[in-house]
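Peer 1: Sharing a sequence plus its predicted fold:
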Amino acid sequence: MIVIVGCSSGIGAAVARAVASQGQPVLMVGRDEEKLRAVVRENGAGIRSNVRVLRLAADEADRFAARMTEAGLRIDDIEALVIPMGMSRDDDDGLVRSETMSELFQVNLFAVHAIVRSVLPHMAAKGRGAIVVFSSVAVFRSRSRNVGYTAAKNALESLCESWRHQFLAHGVRIITFRLGYVRTERLQNQKMLLPAASPQKVASVVLKKLRRGNGVVVYPRFWIVVGYAIRLVPEAIFRRMRF
């Protein structure tokens, strides 16, 4: 079974469709059960039989294992875990209220940690498994926008590196997607400096990495050059840049 957390739209929904179309059993997890069921209905009768849904909000992530048990599902049956959940805000300037900063960290870091920690020991015991989490090219260099979001994603990447160090020897692969712009509902009306990838294209790369992948995947790949070039810009010049 492949579990996808945060899949009512965008990348998560695209991954769910791609996995289910290959005939693999899928558990779609998200806070809005009706939106999840709408994605399932869109896939057609042939795919629906492979998909189940489970309602779980980010602030309930610690109850992931319990919710699975209540639904008659087994943690041990999870072969792969994909977590494309995330949250950003236009007012995230580093001076937002503590409640807002806590919410950014809850969705982008703490919820991911809570779900992964429920699954990792079981995968390690079996000697196999793959976990995919999603970071952002924002981590290449912090700036005056998306401050809390970037801080949480930096922490997430550090956490994933530690998990890789700890669990790769047990057959569990931890794949971190460091994503550039993706054409989601949130970015539809925004001007972007560089081309955006489609959720469907991201989903196809995720499936490839689920089969054989580990470590950090920067996507689209041109962000490798862009990101490391940004890191080389002197601080005095970088402060004058607005993007």
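Peer 2: That came through fine. Residues are numbered from 1 along each chain as shown.

Peer 1: all helices for the protein, in order.
Peer 2: Secondary structure of the chain, counting by DSSP state H: helices at 10-21, 33-42, 45-48, 64-70, 98-105, 111-126, 147-167, 199-211, 222-232, 235-238.

Peer 1: Export those to CSV and append columns for mean pLDDT and mean neighbour count.
Peer 2: In this view, the C-beta of every residue, glycine as well, is placed from N, C-alpha and C. Formatted as CSV, those follow (pLDDT from 0 to 100; neighbours: other Cβ atoms under 10 Å):
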stretch, mean pLDDT, mean neighbour count
helix 10-21, 91, 24
helix 33-42, 87, 16
helix 45-48, 57, 12
helix 64-70, 95, 16
helix 98-105, 97, 15
helix 111-126, 97, 19
helix 147-167, 97, 19
helix 199-211, 95, 18
helix 222-232, 94, 13
helix 235-238, 87, 9
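
Peer 1: So which of those is nearest Val132?
Peer 2: Closest approach to Val132 among the helices of the chain is made by helix 199-211 (5.9 Å; Cβ to Cβ).

Peer 1: now the angle from that closest one to helix 10-21?
Peer 2: Using axes from the mean of the first three to the mean of the last three Cα atoms, to 10 degrees, the direction of helix 199-211 lies 60 degrees away from that of helix 10-21.

Peer 1: for helix 199-211, packing partners?
Peer 2: The contact analysis (3 or more Cβ pairs under 8 Å, 6 or more residues apart in numbering; DSSP states H and E) places helix 199-211 against helix 10-21, strand 80-83, strand 129-136, strand 172-179, strand 215-219.

Peer 1: Let's have the ones you listed in CSV, adding distance to Thr69.
Peer 2: Listed next are the helices and strands packed on helix 199-211 as CSV, based on distance: least, Cβ to Cβ, whole Å:
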stretch, distance to Thr69
helix 10-21, 22
strand 80-83, 16
strand 129-136, 19
strand 172-179, 22
strand 215-219, 32
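
Peer 1: To Lys209, which of the ones you listed lies closest?
Peer 2: Nearest to Lys209, of all the helices and strands packed on helix 199-211, is strand 172-179, at 5.0 Å by Cβ to Cβ.

Peer 1: Centre of the chain to the closest one, how far?
Peer 2: Computed by Cα atoms, centre = their mean, to the nearest Å, the separation of strand 172-179 from the middle of its chain amounts to 9 Å.
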